[in-house]
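K.L.:
Next one to model:
(one chain, ligands or ions: 1)
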Amino acid sequence: MASVKRVLIVGGGSAGMTFATALQRSGIDAANVEINPTWSVMRLVYRPFGSLLVPPPWFRGRVLLVGDVAHTCTSHMASGARIAIEDAIVLTELLQSDVPVSELLEKFMARRYEHCRMVVESSHPMATWEKSPNTPGADPVGMLARANAALAAPI
Ligand SMILES: Cc1cc2nc3c(=O)[nH]c(=O)nc-3n(C[C@H](O)[C@H](O)[C@H](O)COP(=O)(O)OP(=O)(O)OC[C@H]3O[C@@H](n4cnc5c(N)ncnc54)[C@H](O)[C@@H]3O)c2cc1C
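P.N.:
Predicted coordinates:
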C-alpha cells in the first residue's frame, strides 16, 4: 500500500505530464499545475544553450525536483526529455511502495543522480565540439554511442 496518497506536480512539461498520467494510472491522486497552459511553439524563447546539474539531493522535506529543473543538458544528446520522463517513471514506481517518503526520495536519488549526471556531462563536450570541430580528441559520434549504450541500461 502506497504511503503517499496525493501528489502536487508543478509544471506540465515532459516530466510533469508523464508523472501526472502515470500516477493517475497507478491510483495515486495527482494535481498538476501549469503556469503557461496556452504554450505555443510561436512563443519559443531563443537563447544560447545552457546546462545545469543541481548537486544532490534534489529534495527538501517532501518537495522534489525532477526533469530539467534538476538536470538540464544541451540538446546535443537529444535526451533531456527522455531522462525527465524516466524521472517520472522511476518516481511513480517508488511511490507504489509503503516506505517513508524520506527513504523513498533517497532511493530516487540513488537511481537517478549518476544516470542524469552522465547525460548532462556528456552533452558539454558535444556542444563544444559542434562549435570547434577541430578540437583535438573531438569524438561526438563515439561520445553519443557510449552515452546511448549507457542509457539503454534498465532504469
Ligand atoms: C532545441 C532543443 C531540442 C531538444 N531536443 C530534444 C530531443 O530530441 N530529445 C529529448 O529527449 N529532449 C530534447 N530536448 C530537451 C527537452 O525539451 C527537455 O529536457 C524537456 O522538455 C524537459 O522536460 P521538463 O518537464 O523537465 O521541463 P519542461 O518541458 O520545460 O516543462 C516545465 C513546465 O513547467 C512550467 N512552469 C515553470 N514554472 C512554473 C511555475 N512556477 N508554476 C507552474 N508551472 C511552471 C513551464 O511552463 C513548463 O511547461 C531539447 C531541448 C531543446 C531546447
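
K.L.:
Val33 and Ala20 touch, don't they?
P.N.:
No. Between Val33 and Ala20 there is no contact under CB atoms under 8 Å: 10.1 Å. The C-beta positions use only the backbone N, C-alpha and C, and glycine is treated the same way.

K.L.:
These two - which one has more neighbours?
P.N.:
Ala20 (20 against 11; other CB atoms under 10 Å).

K.L.:
Pull up the overlap in contacts between Val33 and Ala20.
P.N.:
Residues touching both Val33 and Ala20 (CB atoms under 8 Å, 6 or more residues apart in numbering): 9, 12.

K.L.:
so what secondary structure elements neighbour the top helix by length along the chain?
P.N.:
The longest helix of the chain (DSSP state H) is helix 101-131. Packing partners of helix 101-131 (3 or more CB pairs under 8 Å, 6 or more residues apart in numbering; DSSP states H and E): strand 52-53, strand 59-60, strand 71-72, helix 80-95, helix 140-151.

K.L.:
when you compare where it runs with where helix 80-95 runs, what's the angle?
P.N.:
Using axes from the mean of the first three to the mean of the last three CA atoms, to 10 degrees, the direction of helix 101-131 lies 170 degrees away from that of helix 80-95.

K.L.:
Briefly note if helix 101-131 comes near the ligand.
P.N.:
No. Using CB under 6 Å from any ligand atom, helix 101-131 never reaches the ligand; the gap is at least 9.4 Å.

K.L.:
and that helix, which residues are buried?
P.N.:
Across helix 101-131, burial judged by 16 or more other CB atoms under 10 Å covers 104-105, 107-108, 111-113, 115-116, 118-120, 122-127, 129.
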